[in-house]
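> I would like the atomic coordinates for the input below:
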Amino acid sequence: MEIFIVYLGFIITAYAVIANDVIQTLGTFLASNEKKKWWLLWSFAAIILSLTLCYGWFINAGDVSYGRLNKIPLPSVIEWWYLLAPLCLLVITRFGIPVSTTFMILSIFSSSQIIEKMILKSVLGYAIAFVSAMLLYGFISKKIESRASIRLMNVKKQHHYWLVAQWFSTGFLWSQWLIQDFANIFVFLPRQLTVIELLIALGIILTIMAYIFKNRGGSIQDIVNKKSNTANIRSATIIDFTYGILLLVLGNISSIPMSTTWAFIGILAGRELALGYTLQKEQLKKSYKLIAKDLAKVNLGLIVSVLIAYIIQFLKH
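The predicted structure is shown next:
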């Protein structure tokens, strides 16, 4: 019975985490490549995922979480109530609400001290992302996001250059996000996987990704689509590259898991405000509402995850 719960938990968690978090890494990629075949985009992401997963498994002696589960041991017995968190995340994902999968999933396996450290690191990530995006787009918005610059993008040579840059930045970001969030996806499985377990898990994840890509990201993709000009290839490239650098830096500060969702929402919020102040002052009120709405959604996820963690601690006793 326990092995059934373990693998059911893994499957539900893998789907919910990837479906909820796909907007962070591949949302702008999907938005700006909506005319391309879904299986081509899936193949690109699948190759990077497979390489990142297998590389992590090889260099870390079977640990695909890149050390981020070192302080979050697997319980000796996994009861049915551990499924509450991934099931809750699955329901929230179906409603198109972006929440922190790190808090939602890892908090039920973590001590209160680890949860506090995850929250502090995630809040720091949001603040750095927000300020960085504000400063960056304050400088480049008129050159990149203005209507005149977008018309210039119709020049075939420039478009080709930015197309290559976008696929490169997406691949870089996707690998950095995976290094952070493999901990969320694999928390139900042993901390060291055998070759067979690795291949089975990889097959399940790639199948889930194919379903998500075929549906173009699902309802959560609206978070990206509603932001200003995210379908523009240059906008998508810069967002992805900025986010990838941020994850690389924050990921190397410590091995404590962090909410990549908070960092992503911070980047979009900082960018949206910068565009409002420099190009679209009449849209500032709308920008404030979007930012407040996104913050409310991620805070909802934090509250729900903490409540579930306390419920599970109560059930243990």
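> Need phi/psi at S65.
Backbone torsions of S65, given as degrees, to the nearest 10, read phi -90, psi 0.
> Give me the nearest residue to it, chain neighbours excluded.
A183 (4.2 Å; C-beta to C-beta, 6 or more residues apart in numbering). Yep, even glycine has a C-beta here, placed from its N, CA and C like the rest.
> Just the element for that neighbour, please.
Secondary-structure assignment from DSSP states H and E places A183 in helix 156-185.
> Now for the residue nearest to S65: which residues touch it?
Shown in contact with A183 (C-beta atoms under 8 Å, 6 or more residues apart in numbering): S65, Y66, R68, L69, I72, T102, L106, P257.
> if we can go back for a sec, ok, and what's touching the helix or strand just after the helix holding A183?
On the C-terminal side of helix 156-185, the nearest following helix or strand under DSSP H and E is helix 195-214. With contacts defined as C-beta under 8 Å, 6+ apart, helix 195-214 is touched by 10-11, 14-15, 18-19, 22, 30, 38-39, 41-42, 45-46, 49-50, 53-54, 57, 62, 64, 185-186, 189-190, 193, 218.
> in helix 195-214, what counts as buried?
E197, L198, A201, L202, I204, I205, L206, I208, M209, A210, I212, F213 (16 or more other C-beta atoms under 10 Å).
> for the stretch 201-317 of the chain, which spans come out with low pLDDT?
Applying pLDDT under 70 to the stretch 201-317 of the chain flags the ranges 216-232, 279-287, 301, 305, 309, 313, 315-317.
> so which helix or strand takes in Y7?
Element membership of Y7, judged by DSSP H and E, is helix 2-32.
> Look at the residue lying closest to Q176 once chain neighbours are set aside and say how many residues are nearby.
Leaving aside its sequence neighbours, Q176 sits nearest to L247 (C-beta to C-beta, 6+ apart; 4.2 Å). When counting by other C-beta atoms under 10 Å, one arrives at 27 neighbours for L247.
> shouldn't L247 be in contact with S175?
No. Using C-beta atoms under 8 Å, L247 is not in contact with S175, being 9.5 Å away.
> Among the contacts of A183, which one lies nearest to L163?
Y66 (30.3 Å; C-beta to C-beta).
> List the residues that contact the closest one.
Here Y66 is in contact with G56, N60, I179, F182, A183, S255 (C-beta under 8 Å, 6+ apart).
> What of W167?
W167 is in contact with F44, counting by C-beta under 8 Å, 6+ apart.
> ok, so what distance separates it from S50?
17 Å (C-beta to C-beta, to the nearest Å).
> how long is stretch 73-82 end to end?
14 Å (C-alpha to C-alpha, to the nearest Å).
> quick one: contacts of it?
Stretch 73-82 has contacts (C-beta under 8 Å, 6+ apart) with 2, 5-6, 9, 108-109, 187-191, 311-312, 315.
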